[in-house]
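Chemist: No letters, just coordinates:
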């Protein structure tokens with residue numbers, strides 16, 4: 001389970017702004033009928049960010065490790081919600097060959 005405070009702090013560090021947790025959004029992302037990702041994405045409102053008013057954060061387990069990878073995506077076009085943020089992260093990770101997106 002994601003630690004809401006850890007995710008909020010991650011957003012603040014990554015984007016050099018203040019974040020405030022708004023809500024948790026359950027997401028199930030599929031592609032061609034297959035589940036690609038399922039979990040909870042945390043929406044955070046931002047203050048003092050120059051362009052975005054919201055960011056989405058979640059974490060996923062790292063294969064064969066007991067650690068989790070944190071994802072944080074700004075709500076900037078084309079990202080308009082939590083599901084878009086997950087899709088954007090999946091695409092970015094796929095393009096990078098699975099390396100950190």
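Modeler: Received, thanks. Everything numeric here is computed off the predicted structure, so don't read it as measured data. Numbers count the residues shown, from 1 in each chain.

Chemist: Spit out the contact partners of residue 56.
Modeler: Residues near residue 56 by C-beta atoms under 8 Å, 6 or more residues apart in numbering: 25, 41-44, 72-73, 75, 79, 81-82, 85-86. All C-beta spots, glycine's among them, are computed from the backbone N, C-alpha and C.

Chemist: What pLDDT is listed against residue 95?
Modeler: Residue 95 is assigned a predicted lDDT (pLDDT) of 86.

Chemist: Repeat that for residue 42.
Modeler: 98.

Chemist: re the thing from before, would you list the buried entries among the contacts of residue 56?
Modeler: Buried members of the contacts of residue 56, scored by 16 or more other C-beta atoms under 10 Å, are 25, 41, 42, 43, 44, 72, 73, 75, 79, 82, 85, 86.

Chemist: returning to what we had before: among the contacts of residue 56, which are in strands?
Modeler: If you go by DSSP state E, those have 25, 41, 42, 43, 44, 72, 73 in strands.

Chemist: and the two most separated of these?
Modeler: Farthest apart among these by C-beta to C-beta are 25 and 72. That separation is 14.3 Å.

Chemist: that older thread, between the contacts of residue 56, which sits nearest residue 13?
Modeler: residue 72 (9.0 Å).

Chemist: residue ranges for the helices of the chain, please.
Modeler: Secondary structure of the chain (DSSP state H): helices located at 4-15, 82-95.

Chemist: Mean confidence (pLDDT) on the shortest one, please.
Modeler: Across helix 4-15, the average pLDDT comes to 97.

Chemist: where does it sit relative to the chain's centre, distance-wise?
Modeler: 11 Å (C-alpha atoms, centre = their mean, to the nearest Å).

Chemist: Kindly report the same for the longest one.
Modeler: Centre-to-centre, helix 82-95 and its host chain are 8 Å apart (C-alpha atoms, centre = their mean).

Chemist: Need the contact partners of it.
Modeler: By C-beta under 8 Å, 6+ apart, helix 82-95 touches 25, 27, 29, 36-37, 41, 43, 56, 58, 71, 73, 75, 78-79, 99, 101.
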